[in-house]
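Visitor: Dropping a prediction and its sequence here:
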There are 4 protein chains.
Amino acid sequence: MKLGFIGLGQMGAGMAANLLKAGHQLSVYNRSPGKADALLAQGARLAATPAEASTGEAVVSMLADDEAVEAVVLGEHGVLAGLGKGALHVSCSTISVALSERLAAAHGQAGQHFVAAPVFGRPDAAAAGKLFVIAGGDEGAVAQARPILEALGQRVFVLGAAPKAANLVKLSGNFLIASVIEALGEAIALVEKGGVDVREYLEMLTSTLFSAPVYKTYGGLIAAGKFEPAGFAAPLGAKDIRLTLAAAEALRVPMPVASLLRDRFLTLLANGGERLDWSAIGGLAAKDAGG
Amino acid sequence: MKLGFIGLGQMGAGMAANLLKAGHQLSVYNRSPGKADALLAQGARLAATPAEASTGEAVVSMLADDEAVEAVVLGEHGVLAGLGKGALHVSCSTISVALSERLAAAHGQAGQHFVAAPVFGRPDAAAAGKLFVIAGGDEGAVAQARPILEALGQRVFVLGAAPKAANLVKLSGNFLIASVIEALGEAIALVEKGGVDVREYLEMLTSTLFSAPVYKTYGGLIAAGKFEPAGFAAPLGAKDIRLTLAAAEALRVPMPVASLLRDRFLTLLANGGERLDWSAIGGLAAKDAGG
Amino acid sequence: MKLGFIGLGQMGAGMAANLLKAGHQLSVYNRSPGKADALLAQGARLAATPAEASTGEAVVSMLADDEAVEAVVLGEHGVLAGLGKGALHVSCSTISVALSERLAAAHGQAGQHFVAAPVFGRPDAAAAGKLFVIAGGDEGAVAQARPILEALGQRVFVLGAAPKAANLVKLSGNFLIASVIEALGEAIALVEKGGVDVREYLEMLTSTLFSAPVYKTYGGLIAAGKFEPAGFAAPLGAKDIRLTLAAAEALRVPMPVASLLRDRFLTLLANGGERLDWSAIGGLAAKDAGG
Amino acid sequence: MKLGFIGLGQMGAGMAANLLKAGHQLSVYNRSPGKADALLAQGARLAATPAEASTGEAVVSMLADDEAVEAVVLGEHGVLAGLGKGALHVSCSTISVALSERLAAAHGQAGQHFVAAPVFGRPDAAAAGKLFVIAGGDEGAVAQARPILEALGQRVFVLGAAPKAANLVKLSGNFLIASVIEALGEAIALVEKGGVDVREYLEMLTSTLFSAPVYKTYGGLIAAGKFEPAGFAAPLGAKDIRLTLAAAEALRVPMPVASLLRDRFLTLLANGGERLDWSAIGGLAAKDAGG
């Protein structure tokens, strides 16, 4: 397929490379241009604007936040302006449910197709094509997007016909991860102050009831108190909890653990945590306990 | 070995049977006597009092709560009175850190050995000898207990020289499970109100980041809203969170998620949840959301 | 002075009447026109647009929320367009800190003066000129506004040179009131279930340590369980807590009680509380307790 | 009347002096004897044991906590042993609802009368006879106690026929005060970080909606950050919240603000706050906000 890719950060660069490997023609755009060099060497073409990257059958975007997506899609020389009738926009960014809804409406009015396809996984999984992809959109659009989604991830889950459902699911997933970080942080603070060896404790937990990857990854980080460099930075975690709470508010769903996580992130950011990994909120319980 | 077993409830009956299967001689005691029949048929002998069940090399107890353990061990004709010098008490019950400390002191003063060995697993795992055993005690006592522990569980984790450390770890584990139930309850309330199919959502979660058994088990119960019959009853869950908070208070460790869980259990019990499974707290978020 | 007044709701109508009584000439505007009749009978003139109401020395606005203020001030034929250089806008609405900052900037760029002057008090206090006025703005602008502010309230408090400081203070005040409602709701749920007569309990509280008006007003409403008709509707209370949390997030101040209040309002609104007084959140603790 | 008084701490000393001033004969007991000297000079007699102080028509006790009351009343040479049939014990200590119930039962079985009469007020109010007294007990016992209660306080509130109801009310009152401290702490952290002068802010609050003494007292302490010397020490505040939560748990009343206060006190005590005034929890929000 003739594709575009917008947003060549830690995640996007690996994802774009996988589209090239899968044999697609790729036109790439990034706000700061140096990021495209490796992809150009692999055969991608450089687009001067998001609109120019959107002139093929489909364009994929992977950006940091609502503001970036709004600018790139709805702004001047944006995706909306460049994309042809019947062509497809696959939005992989973790954005608000409200913006996803606006994008779906705008593309629909322009006769374009839209699939929200946020992903779970860190940059290494993006580079390896091992992401988990959560897709939302109408049946035709998702079918159109499938070859792209399968090149990006090890598995594609289609959840609901509305694109925004996929965004909601992605946010809820990050909420669940953050809740694991918080609960582990409290449990570790408790047993450590009670004289238990934390590494042996985690070894026990993760080889019995809590064998999921998130417990291993984040338990290890909290036990080591090692929150730099950030794999996923605290301000991004704070943003995702904010978007979760915004979606919950719109749907009138009280989420007390999410509220607590919000307060934890604010505490972290107010005390110099800007550059830490988001799992640093898992160290706050021990700090409150005098550690 | 010549052993005793006290407490033939859903968990204890299976555990005692495994000690018989492993070739040990077993004297059994239960407050209500009918519970022993199956074991007697398999070769166990009936003891008239806890003391009488404690005259061998070691006695194992598996009881519901602090009150039961206190009565059985420290009461008249109790374990303390029956156990010989150098003999061993293996306490598998989920009890408070404070009581574990008192038991350790009482056995020590009597020249007896004491190992706390609470277990993770439901009745089916107990019957199959597939429990995870968390052991705490001094090295000699744990060595003495090892053949017993290995007959009970698929794996034994020794965490710390003080018996009470094992009890703290067990409580923290139940806290972590309850925190999963709460977080899942909030996430499910959110995505369900957002129009996502909850079964597909759980299938996605548990085949990606949250592949641990607790997510599968409790996610399924919450999605189905099926909290009867209780595998682990709400009042027992409430008790374990209370004991976690008591241990945390003694150690001065603030645990906001545990505080929230306490309030959830009180809400559940105040609204007719006595007989439900403890995972019923995972339905409260949806109820607050108007469901 | 030659003044304008925009927003003739329950609060604004009384406030505008007090400006007339104080001898000012008044041009009034309301989106739905019938609301102005009583004031016209007292000598006010009807303005066709916000801009037309803003052609005097100063214009006062009292509107429901950010959206209304944005439309009236920054929209077509708005205050900004109508107000002359050196003239003054006094904004009494309870709005976000962020919007207050935008309004200050916009008026400043237009060579106009801006004072934020949110008020404490219910409609009866507005009609009686007994409001408490919280004013923020530069010294000259506040001096210019003083005759107006003194006609509206029994007392004027100037807190900080930035208009947004006054909005922050107003939001924090509503947060404090809501926290009283919540705490009273919990205390009442507790003592009532413990067999104490709630009216005698409140009589005791409000004649001793808690003699402030908020305890009398809201204690009485909660004890009676009488939340209709709404003096201040639940959705407005929910909005003010949302704005408080937004301001707190921008300043990175974690506020756990505010987070709890947010969840309480969502629970109320998700369960049919749209039309109730905001003090209805004070009934939720008793409901959780099975009442 | 011929009375006894047990517990001559900061509160009790002033209370006992007021009973002397009211013309009663007084036999006094304190664990550490030096505390009685001033009262002996005013005409009191020294009792060697609580029992000896309890041989008159009534005995009043004012002690620090459950442990002290249990020892003094139920211990050897205790109140229960010394008090005659038909004589009265007035318990002014802030104790658990459960212990109050036990005391009522024990005195009842011994044919003695029991009134729980916890008080609101600091040591200066105790010395001035300006306490607020919350009394619980059956009608006859309260009538018997009335001359005593009126000598101790400026006003007596009888709330419920069960003594324990008075203890519950007293605990709920301390909970309400602590919730004011917490809410003020959050509001002050917010407006201070937003550039508002905190003293002017408090002056505004306490001369408008929040004119109650607790806002003036605790607002001033939090604004000044001055938590030493302790008027009411943090460990006592922590104890009262613990007893409130215990009573709430027994009655199955979830109290999320009380849960938060529990966590605040644990944080304070885990970080060197042992000797501070309990209002120091009002400084934690600002600390979390990076202050």
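Guide: Looks like it came in fine.
Visitor: close to chain B, is stretch A:179-194?
Guide: Yes. Stretch A:179-194 comes into contact with chain B (CB under 8 Å from any CB of the partner chain), by way of A:179, A:180, A:182, A:183, A:184, A:186, A:187, A:189, A:190, A:191, A:193, A:194. C-beta: built from backbone N, CA, C; applies to glycine.
Visitor: Would you mind listing what in chain A touches chain C?
Guide: Applying CB under 8 Å from any CB, one finds that chain A approaches chain C through A:242, A:248-249, A:252-256, A:259-260, A:262-264, A:266-267, A:269-270.
Visitor: for whatever residue of the stretch 101-250 of chain A ends up closest to chain D, what are its contacts?
Guide: The stretch 101-250 of chain A approaches chain D most closely through residue A:193 (8.7 Å), counting by CB to the nearest CB. For residue A:193, the contact set (CB atoms under 8 Å, 6 or more residues apart in numbering or on different chains) comprises A:286, A:289, A:291, B:251, B:252, B:253.
Visitor: Check pLDDT for the residues you listed and point me to the minimum.
Guide: Lowest pLDDT of those: residue A:291, 87.
Visitor: Could you verify that that residue is part of a helix?
Guide: No. Counting by DSSP: H, G, I helix; E, B strand; the rest coil, residue A:291 is not part of a helix but coil.
Visitor: okay, now the closest residue to it other than its chain neighbours: neighbour count?
Guide: In space, residue A:291 comes closest to residue A:189 once its chain neighbours are excluded; the distance is 6.7 Å by CB to CB, 6 or more residues apart in numbering or on different chains. By other CB atoms under 10 Å in any protein chain shown, 29 other residues sit near residue A:189.
Visitor: Could you verify that residue A:189 is part of a strand?
Guide: No. If the criterion is three-state DSSP, then residue A:189 is helix and not within a strand.
Visitor: circling back: show me the residues of chain A next to chain C that map onto helices.
Guide: Using DSSP state H, the members of these that fall in helices are A:242, A:248-249, A:256, A:259-260, A:262-264, A:266-267, A:269-270.
Visitor: check contacts around the residue of chain A most remote from its centre.
Guide: Within chain A, residue A:195 marks the point farthest from the mean C-alpha position, 37.5 Å out by CA atoms, centre = their mean. Each residue near residue A:195 by CB under 8 Å, 6+ apart is listed here: B:160, B:162, B:165.
Visitor: try 10 Å
Guide: Taking CB atoms under 10 Å, 6 or more residues apart in numbering or on different chains as the criterion, residue A:195 is in contact with B:136, B:159, B:160, B:161, B:162, B:164, B:165, B:168, B:251.
Visitor: Top of these by number of neighbours, please.
Guide: Within the contacts of residue A:195, most neighbours by other CB under 10 Å means residue B:168, with 32 neighbours.
Visitor: Quick check, residue A:60 in contact with residue A:92.
Guide: Yes. With contact defined as CB atoms under 10 Å, residue A:60 counts as touching residue A:92 (6.2 Å).
Visitor: joint contacts of these two?
Guide: Residues touching both residue A:60 and residue A:92 (CB under 10 Å, 6+ apart) are A:5, A:6, A:7, A:12, A:15, A:115, A:117, A:148, A:149, A:152.
Visitor: what's the spacing between the closest residue to the residue of the stretch 101-250 of chain A closest to chain D other than its chain neighbours and residue A:194?
Guide: Setting aside the residues directly before and after it, residue A:193 is nearest to residue B:251 in space (CB to CB, 6+ apart), at 4.6 Å. Relative to residue A:194, residue B:251 is positioned 6 Å away (criterion: CB to CB, to the nearest Å).
Visitor: cool, residue A:163 as well?
Guide: Residue A:163 is 47 Å from residue A:194, by CB to CB.
Visitor: in the stretch 151-291 of chain A, which spans are strands?
Guide: Using DSSP state E, counting those that start in this stretch, the strands of the stretch 151-291 of chain A run over A:153-158.
Visitor: Please identify the buried residues of the host helix or strand of residue A:4?
Guide: Taking DSSP states H and E as the criterion, residue A:4 maps to strand A:2-6. Neighbour-count burial for strand A:2-6, counted by 16 or more other CB atoms under 10 Å in any protein chain shown, picks out A:3, A:4, A:5, A:6.
Visitor: Then stretch A:80-97?
Guide: By 16+ other CB under 10 Å, the buried positions in stretch A:80-97 come out as A:80-83, A:87-97.
Visitor: again with stretch A:264-277
Guide: A:264, A:265, A:266, A:267, A:268, A:269, A:270, A:271, A:273, A:276, A:277.
Visitor: wait, what's in contact with the closest residue to the first one other than its chain neighbours?
Guide: Spelled out, that is residue A:264. Here the nearest residue to residue A:264 in space, its sequence neighbours aside, is residue A:281; by CB to CB, 6+ apart that works out to 4.2 Å. By CB under 10 Å, 6+ apart, the contact set of residue A:281 is A:178, A:181-182, A:185, A:222, A:227, A:234, A:237-238, A:241, A:260-261, A:263-269, A:273.
Visitor: and residue A:158, what are its bridge partners?
Guide: Going by DSSP bridges, residue A:158 is paired in beta bridges with residue A:135.
Visitor: Give the burial count for it, as a bare number.
Guide: Applying other CB under 10 Å, I find that residue A:158 has 22 neighbouring residues.
Visitor: mind checking pLDDT for it?
Guide: Per-residue confidence (pLDDT) for residue A:158: 97.
Visitor: quick one: residue A:66 and residue A:239 touch, right?
Guide: Yes. Between residue A:66 and residue A:239 a contact is recorded at 8.7 Å, counting by CB under 10 Å.
Visitor: so what sits against both of those two?
Guide: Residues touching both residue A:66 and residue A:239 (CB under 10 Å, 6+ apart) are A:94, A:95, A:96.
Visitor: between those residues, which is closest to residue D:122?
Guide: Proximity of these to residue D:122 (CB to CB) peaks at residue A:96, which lies at 50.7 Å.
Visitor: residue of the stretch 1-150 of chain A with the smallest distance to chain D?
Guide: Closest approach between the stretch 1-150 of chain A and chain D, counting by CB to the nearest CB: residue A:65, at 23.3 Å.
Visitor: which residues does that residue contact?
Guide: Listed by CB under 10 Å, 6+ apart, the contact partners of residue A:65 are A:93, A:94, A:95, A:96, A:99, A:235, A:236, A:239, A:240, A:243.
Visitor: Backbone dihedrals for the first one, both of them.
Guide: By that I understand residue A:93. Backbone torsions of residue A:93, given as degrees, to the nearest 10, read phi -70, psi 150.
Visitor: hang on, isn't it packed against residue A:117?
Guide: Yes. If you go by CB under 10 Å, residue A:93 and residue A:117 touch, sitting 9.5 Å apart.
Visitor: Identify the contacts common to these two.
Guide: Here residue A:93 and residue A:117 have A:61, A:62, A:167, A:170 as joint contacts, going by CB under 10 Å, 6+ apart.
Visitor: How many residues are close by the third one?
Guide: By the other CB under 10 Å criterion, the neighbourhood of residue A:167 contains 29 residues.
Visitor: now it, nearest residue through space, not along the chain?
Guide: Closest residue to residue A:167 apart from its sequence neighbours, by CB to CB, 6+ apart: residue A:100 at 4.4 Å.
Visitor: where does the one you found land in three-state SS?
Guide: What three-state DSSP gives for residue A:100 is helix.
Visitor: how close does it get to residue A:75?
Guide: Distance from residue A:100 to residue A:75, by CB to CB: 17 Å.
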